[in-house]
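# just the structure for this:
(4 chains)
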There are 2 protein chains.
Amino acid sequence: MDTKSQLINTATALFQQKGYKSVGLNEILKACNVTKGALYHHFPNGKEELLIACLHDLNEAITTDIKTIFKENLSIREAIRSMIDKLVHDFESDGTLSGYTFSSMVSEMATVSEPVRNACSALYENIQHIFYEKLVTEGFSSESASEMALLMTASIEGAMMLCRTQKSTDPLKTVAKLIPNLLKSF
Amino acid sequence: MDTKSQLINTATALFQQKGYKSVGLNEILKACNVTKGALYHHFPNGKEELLIACLHDLNEAITTDIKTIFKENLSIREAIRSMIDKLVHDFESDGTLSGYTFSSMVSEMATVSEPVRNACSALYENIQHIFYEKLVTEGFSSESASEMALLMTASIEGAMMLCRTQKSTDPLKTVAKLIPNLLKSF
DNA sequence: CCAAACATACCAACCGGTCTGTTTGTTATT
DNA sequence: AATAACAAACAGACCGGTTGGTATGTTTGG
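Numbering: from 1, shown residues only, chains lettered A, B, ... in the order given. This next block holds a predicted model:
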């Protein structure tokens, strides 16, 4: 793999685990055996440019990942189920909840840096759009589909937060169990 | 107000706005005109002890705040509605979403410091417990009440995250609108 | 008189970022 | 084929500023 992708990949993982400010450049550099010169060659604007590159990469990765899940599963219930199953599995295997979340970066940077906030906003919008389209094909009206997509995104993101504080996957499991009920209520 | 509370209050506000790592001790000290000596007199273990004190204070403040809202409002629908209305109002007036959230602190510290993680966990549990009790008095079974309490907490927390990235209160408003539907679905 | 409640100067460690090289790969010229 | 020329891709020493934290003093209330 080339140096640039290497930087993005390890930085992404570290940012997801510890947040943005908690991870120093030297930590990233050491983790992927790259020197400072190389970093500033590929990212002249330093750490924040690297973060935005990470968010862009994450956006693409998450989007394609969810899209394939939504293609493989016929109903939105099954799709959401297998999506959350994957999150739960990842969390249980490596202990870190890095799946479709970047809340650690959102919450500390969204209020500080506009470019970062925009990158995060784009990511959430993409996720919601995938939900939205699936819901529309299942007969939901445009309005209720976008509302449901928002509710689903919010509850999953919130559940991940709870999982992190509780060191347990139960919140995600509960939400996964309840989402079918939500869909019924419309 | 005494020095200790002054420190806690201003630190809480700053932490909520920018997160933990982004706020330096000197920034806090300057903001409330307190010197380093005073800080380390009241919090010998420094910044992290201050953060935990903030979380404890926040816990109490949020808990009593929500409790009074839940006493004033007969149905849980009305209670949630006025709770979110308050959040929306705060966000629209001062631009910062500091209400019942501390996700900025959770996400960057929960994976790093156990004491902080515990304090955050306690806070979420308290909130859920208030929801839970109200739901039980409205006839929900113990099991579905705790599930609903979790779902509500998660979706509100997630919605706040979305609000922050979108710089809009719409996500919270949408969630507020949909929660009655959730309750019906049980 | 004594301890609690500060104030202030100071510190090593670390931060992100810049600097000046050196290596390496590509292309043009003879 | 050899070489000159050039730029991209690094390497690593270095820098000023800031960080959280400490040590030592001074004030103040009981």
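
# element containing A:Lys177, please.
Counting by DSSP states H and E, the element that carries A:Lys177 is helix A:170-184.

# between helix B:170-184 and that helix, find me the angle.
Per axes from the mean of the first three to the mean of the last three Cα atoms, to 10 degrees, the angle that helix A:170-184 makes with helix B:170-184 is 80 degrees.

# check whether helix A:170-184 contacts chain B.
Yes: in this structure, helix A:170-184 sits against chain B according to Cβ under 8 Å from any Cβ of the partner chain; the contacting residues are A:171, A:174-175, A:177-178, A:181-182, A:184. Backbone N, C-alpha and C define where each C-beta goes, glycine included.

# shaky segments in chain A?
Within chain A, the segments meeting pLDDT under 70 span A:95, A:97-99, A:186.

# host element of the residue of chain A found nearest DNA strand D?
The minimum distance from chain A to DNA strand D, using Cβ to the nearest atom of the strand, falls at A:Gly37 (1.8 Å). Under the criterion of DSSP H and E, A:Gly37 resides in helix A:36-42.

# distance between that helix and the chain's centre?
Taking Cα atoms, centre = their mean, to the nearest Å, one finds the center of helix A:36-42 at 26 Å from the center of the full chain.

# for that helix, buried residues please.
Applying a neighbour-count criterion of 16 or more other Cβ atoms under 10 Å in any protein chain shown, one finds A:38-39, A:42 buried in helix A:36-42.

# closest to chain B among the residues you listed?
For the buried residues of helix A:36-42, the closest approach to chain B (Cβ to the nearest Cβ) belongs to A:Leu39, at 20.3 Å.

# that closest one contacts A:Leu29, correct?
Yes: because the distance of 6.4 Å satisfies Cβ atoms under 8 Å, A:Leu39 is recorded as touching A:Leu29.

# interface residues of chain A facing DNA strand D?
For chain A, the residues in contact with DNA strand D under the definition Cβ under 7 Å from any atom of the strand are A:2-4, A:34-38, A:40-42.

# which pair of those spans the longest distance?
The widest separation within the residues of chain A next to DNA strand D, taken as Cβ to Cβ, falls between A:Asp2 and A:Lys36 and amounts to 17.3 Å.

# show me which helix runs longest in chain A.
Within chain A, and with DSSP state H defining each element, the longest helix by residue count is helix A:46-72.

# so, in contact with chain B or not, that one?
No: Helix A:46-72 lies out of reach of chain B by Cβ under 8 Å from any Cβ, never closer than 11.0 Å.

# going by neighbour count, list what's buried in that helix.
The neighbour-count check on helix A:46-72 (16+ other Cβ under 10 Å) flags A:47, A:50-55, A:58-59, A:62-63, A:66, A:69-70 as buried.

# centre of the chain to that helix, how far?
The gap between where helix A:46-72 is centred and where its chain is centred comes out at 7 Å by Cα atoms, centre = their mean.

# so which residues on chain A come close to DNA strand C?
By the rule Cβ under 7 Å from any atom of the strand, the part of chain A lying against DNA strand C is A:21, A:23-27, A:36-37, A:40, A:44-48.

# kindly recompute the last result at 10 Å.
Taking Cβ under 10 Å from any atom of the strand as the measure of proximity, chain A contacts DNA strand C at A:20-30, A:35-41, A:43-51.

# which one of the buried residues of helix A:46-72 sits closest to chain B?
Among those, A:Leu55 lies closest to chain B (Cβ to the nearest Cβ), at 11.0 Å.

# now that that closest one has come up, it's in contact with A:Met105, right?
Yes: contact criterion Cβ under 8 Å: A:Leu55 and A:Met105 qualify, at 7.0 Å.

# alright, that wraps it up for me.
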